[in-house]
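[1] Give me a model of this one.
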Amino acid sequence: MNWNEYVQLLAGLVSVVNPISAMPIFLSLTARKQPVERRQTAMTTAFAVAMVLFTSLLAGEPIHNFFGIGLPAFRVAGGLLLLLMGISMLRVSDDRSRHTPEEDAESHEKSSVAVVPLAIPLLAGPGAISTTIVYAHRDLSLAHYLLFSGVIVSISLIVLLILLLAPRIIAIMGQTGMNVVTRVMGLLLTSTAVEFIAGGISELFPILAAG
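    Residues are numbered from 1 along each chain as shown. Now for the predicted structure:
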């Protein structure tokens, strides 16, 4: 691979990861967080995206082959995760009245939205993983892996920058605007989940697509 191909790889992976489209969902999921918590969520998301892509670069194909897991199955699983989150956003679910502040803080520590669903599968989803696996095996030299690692670091920094700038929009939109965005993005997220599941099922069962 030459330099132009690495630039194309960077542009392609950025378009697949698509942090711009994740920004409204990030705002919705972190609307009630403090600024420090929101920044921490953004940094954790960017770090998780980098780790997923690095894992795909170094061990993606061996892991898939070892466990016999194909990308169609991963697509269906990711779609189910997005579907559950989309339904919750459509309902604008808020169960904070049922939890004490201590329980709420503990639950956020145990299940951060930074990793699921923001990093996985929304940003570092089947598309980004499959793209990384395909390009990883085009060249087995050390220089290739080092340059590819630089591409991944660049993508994680782009994700971090966009998510850090996103909270400024909250002050303009207000709570009503956030509720509207939450429902609209919930509908879009649910639609995306259906596409993920339908695409995965059609690949798992080609006879359904043929019919």
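[2] Which residue comes closest to Leu164 once chain neighbours are left out?
    In space, and not counting its chain neighbours, Leu164 is closest to Ala42: 5.2 Å by CB to CB, 6 or more residues apart in numbering. For glycine as for every other residue, the C-beta is placed from the backbone atoms N, C-alpha and C.
[3] and that neighbour, what does it touch?
    Contact analysis of Ala42 by CB atoms under 8 Å, 6 or more residues apart in numbering lists 26, 114, 160, 163-164, 166.
[4] 10 Å instead, please
    Counting by CB atoms under 10 Å, 6 or more residues apart in numbering, Ala42 makes contact with 26, 30, 114, 118, 159-167.
[5] Quick one: distance of the helix or strand that it is a member of to the chain centre.
    Assigned by DSSP states H and E, Ala42 belongs to helix 35-67. In terms of CA atoms, centre = their mean, to the nearest Å, the centre of helix 35-67 is found 9 Å from the chain centre.
[6] And the next helix or strand past it?
    As assigned by DSSP H and E, the chain's next helix or strand after helix 35-67 is helix 71-91.
[7] Of all the helices and strands in this protein, which has the lowest average confidence?
    helix 101-110 (a mean of 45; mean pLDDT, DSSP states H and E).
[8] From the contacts of Ala42, list the buried ones, please.
    Among the contacts of Ala42, those classed as buried by neighbour count (16 or more other CB atoms under 10 Å) are 26, 30, 114, 118, 159-160, 162-163, 166-167.
[9] Point me to the helix or strand that includes Thr192.
    Element membership for Thr192 (DSSP H and E) is helix 168-204.
[10] one step back: the residue nearest to Leu164 and Leu146, how far apart?
    Distance from Ala42 to Leu146, counting by CB to CB, to the nearest Å: 27 Å.
[11] Phe196 too?
    32 Å.
[12] quick one: which of these two has more around it?
    Per other CB atoms under 10 Å, whichever of Phe196 and Leu146 has more neighbours is Phe196, with 24 against 9.
[13] Once you drop chain neighbours, what's closest to Phe196?
    In space, and not counting its chain neighbours, Phe196 is closest to Gly79: 3.0 Å by CB to CB, 6+ apart.
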